[in-house]
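**Q** Sharing a model that was predicted from the sequence below.
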Amino acid sequence: KELVASQVEDAVSLANRRKRGHDQKVFILSGPFKEVRDALLRRGWCENSTKESVLFDLKWTLYDNEVGYLQLRREQIVNHFQGNGEITTKG
């Protein structure tokens, strides 16, 4: 998949910030998770609004198929377990 110009700019911007010692964490949110967004922003995280981007520390999605497990780096965190559809919050 080819990166669009905005993703390249985001990647360069993030890389430059981290080179200068800025360790601001980046998240991607996909779904109706206002409380998660608000909590991360209060903690100083930066939101990447490009849902398909690989530039994130945390990706929080509604659906497992939005994660992109093959592209994950060791330090990235997602809110799903690959291939696991059995964990639930239902009582």
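**A** On my side now, so go ahead.
**Q** Could you identify the helix or strand that succeeds the stretch of helix or strand Glu35 belongs to?
**A** According to DSSP states H and E, Glu35 maps onto helix 34-42. Next along the chain after helix 34-42, taking DSSP H and E as the criterion, comes strand 46-47.
**Q** quick one: strands adjacent to whichever helix or strand comes after that next one?
**A** The helix or strand immediately downstream of strand 46-47 is strand 58-61, counting by DSSP H and E. Here strand 58-61 has these sheet partners by DSSP bridges: strand 26-30 (parallel), strand 77-78 (parallel).
**Q** Of those strands, which is nearest Asp64?
**A** Ranking these by proximity to Asp64 (CB to CB) places strand 77-78 first, at 9.0 Å. Every C-beta, even on glycine, is put in place using the N, C-alpha and C of the backbone.
**Q** ok, residues contacting the closest one?
**A** 57-61, 67, 72 (CB atoms under 8 Å, 6 or more residues apart in numbering).
**Q** ok, now with 7 Å
**A** 57-59, 67, 72 (CB atoms under 7 Å, 6 or more residues apart in numbering).
**Q** so which of those is the most crowded?
**A** Neighbour tally across the contacts of strand 77-78 (other CB atoms under 10 Å): the maximum, 24 neighbours, falls on Lys59.
**Q** coming back round to it: redo the strands paired with strand 58-61 as CSV? Include distance to Ser53, mean pLDDT and mean neighbour count.
**A** Formatted as CSV, the strands paired with strand 58-61 follow (distance: least, CB to CB, whole Å; pLDDT from 0 to 100; neighbours: other CB atoms under 10 Å):
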stretch, distance to Ser53, mean pLDDT, mean neighbour count
strand 26-30, 6, 92, 19
strand 77-78, 13, 92, 15
